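> Kindly return the folded structure for what I paste below:
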Amino acid sequence: MAQAEKPDSVVRLLSCALHRIRTTPPRIIASPATQPRRAAVAIIIRVVPPPNTVPVPVDTPLPTLSQFFELDWVKDPLACPEFLLLRRDGAGPSDAVPGRASAFQNFTGDGTSKGSGNTGAHVAFPGGRTEEGDEGGLYTAMRQTWEEIGLDLAERDFVCIGQLDDREITTSLGKRLLMILSPFVFLQLTPNTLPTDPTDGTTIHWVPLETLASAVLPGHIGDKVNAKSKWSSVTVDAASRLTPRRAAILKILVRVLIGSMQFPAILLDVPESDAIPGSFTGSPAAPPNNGSYPALTQDKLEKGFTATKPLSGKDQNKSRHQLKLWGLSLGMTLDLMATMIPPTALPSSADINKQPTPQDLYKVSLPSLHLPFHPVGGEGMRIDAVAPSLSSVFPRFSYPDVNFWIWVFGKRYREVVRGWEASVRNGGSNVRRVNWSGTALNTFYAAVRKALLVVLVLRAIGVFVGLVFAGWWVFA
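Got it, this is the predicted structure:
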């Protein structure tokens, strides 16, 4: 007899998250007249039934969202929720948006120097830019998923749960808006495996949500989940993001003066058997791409390295891929995982029949993810509670003095985060009405620009003084 479902099982947390997404309107950011470009991605979730599950007839009526999580094969303790990621082999800097390669890569941070020829693989959600004729962001996400991996999200097997908040994609230092990105969440309602037809060089990975729980969910939830993920970082050459492509000398100078940038990442160990091109995990390989749809490699919205991890012992013959989930992909994943956190109740001393006072609200610990990092200049701030996705895309520089000057000029950024936190605690309309994320993004990068300018000036003064002293010492 099957054991009862654990109170904090991943399936139950997923149910809470999807119901919250379904009932919470997303924050929509309107495109300015000067930059109408938009993009959309699809976050696709499924629940893998236990091996001994009785096949469900094809003509079975589809359940509602609430009915889905009451199905026996979904509630089974051996059921495994998963979400879809793509690994794109050989997608390098030349695959970026034509005419906007530098700016596009500056935000996504693909970890390769422009023009380096490094052909590392990337991990991302399916999606891409909105094209002329698209009926909206939802249509864009569904169309791009079909064109990239041959998965039709308009079929009866899937349902669109809702949308996460829009987010702004800017250049590295936030000086120019590139586009508005809309993430949409889909759930597969059927237990059967569906065929796919990905473009050349694209591999599908179904990653268990359990592998993320212990890394990002609070300890009273994550510690009960058998997860193997761990935190790491991705180092990006700052010079390749801040200098023109062909300015080799300037690139070397900036690399020496500023150093590199580091972004947080989660390591995901994926067995080679789960990385079959053209198919879902456990399904037979689908036929090769028939050429009906072009490989839209220019629509890469988030990137991260993957490497083959050497194994020893009994696993030596089983190749594994170690994926790094970072950048935009990590940000959207954190936003999804944040919806799984149960809400925190008011202190018992507060009278339920009267409006909570500010003192009562500040006694409540904001539900937040456990992140082992904090944005530079935001130490002590609750950015992990109000917007975990932002904390994942803010870089930390390798030179301590650069981080120090970012903190010095980050007063306005810290004020914005405190105002955002107060708005979240009060539960007012400002949480959705005010573009807090865009304001925090702009103020943070304003501090970064000022810090880099001061560092460069101080470096130049130091070099000048050093040369003058050396000249005086030699000729004296």
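> Quick one: list the elements packing against whatever helix or strand Val41 lives in.
Per DSSP states H and E: Val41 is located in strand 38-48. Secondary-structure packing of strand 38-48 (3 or more CB pairs under 8 Å, 6 or more residues apart in numbering; DSSP states H and E): helix 10-23, strand 80-88, strand 127-129, helix 137-149, strand 177-188, helix 327-338. Using the backbone N, CA and C atoms, a C-beta is placed for each residue, glycine as well.
> Quick check, Tyr413 in contact with Phe444.
Yes - using CB atoms under 8 Å, Tyr413 makes contact with Phe444 at a distance of 4.8 Å.
> This structure: strands as residue ranges?
38-48, 80-88, 122-124, 127-129, 158-163, 167-170, 177-188, 202-208, 230-237, 260-271, 306-309, 320-326, 396-397 (DSSP state E).
> Pick out the shakiest of the ones you listed, pLDDT-wise.
Note on the strands of the chain: strand 306-309 shows the lowest mean pLDDT, a mean of 38.
> how much space between Ser214 and Trp206?
Ser214 sits 19 Å away from Trp206, going by CB to CB, to the nearest Å.
> next one: Trp231
Counting by CB to CB - Trp231 and Trp206 are separated by 22 Å.
> Leu253 too?
For Leu253 relative to Trp206 (CB to CB), the value is 45 Å.
> Neighbour count: the two, which is higher?
Trp206 (21 against 15; other CB atoms under 10 Å).
> Any figure for the gap between the more buried one and Ser182?
Per CB to CB, Trp206 is found 23 Å from Ser182.
> what's the answer for Gln67, then?
Counting by CB to CB, the gap from Gln67 to Ser182 is 28 Å.
> More neighbours: which of the two?
Ranked by neighbour count (other CB under 10 Å), Gln67 and Ser182 place Ser182 first, with 24 against 12.
> Give the full set of residues in contact with the more buried one.
Applying CB atoms under 8 Å, 6 or more residues apart in numbering, we find Ser182 in contact with Pro26, Arg38, Ala39, Ala40, Val41, Gly137, Thr140, Ala141, Gln163, Leu164, Asp166.
> Drop anything exposed from those.
In terms of neighbour count (16 or more other CB atoms under 10 Å), the buried residues within these are Arg38, Ala39, Ala40, Val41, Gly137, Thr140, Ala141, Gln163, Leu164, Asp166.
> ok, now which ones touch the residue lying closest to the fourth one once chain neighbours are set aside?
Here the nearest residue to Val41 in space, its sequence neighbours aside, is Gly127; by CB to CB, 6 or more residues apart in numbering that works out to 2.9 Å. Taking CB under 8 Å, 6+ apart as the contact definition, Gly127 lies against Ala39, Ala40, Val41, Ala42, Thr140, Ala141, Gln144, Thr145, Pro183, Asp299, Leu301.
> and which of the residues you listed is nearest to Pro372?
The nearest member of these to Pro372, counting by CB to CB, is Pro183 at 23.8 Å.
> Buried residues in the biggest helix by length in the chain, which are they?
Assignment by DSSP state H gives helix 436-475 as the longest helix of the chain. Using 16+ other CB under 10 Å as the test for burial, helix 436-475 gives 436-448, 451-452, 454-455, 459.
> what's the answer for stretch 146-156, then?
Buried, per 16+ other CB under 10 Å, within stretch 146-156: Trp146, Glu147, Glu148, Ile149, Gly150, Leu151, Leu153.
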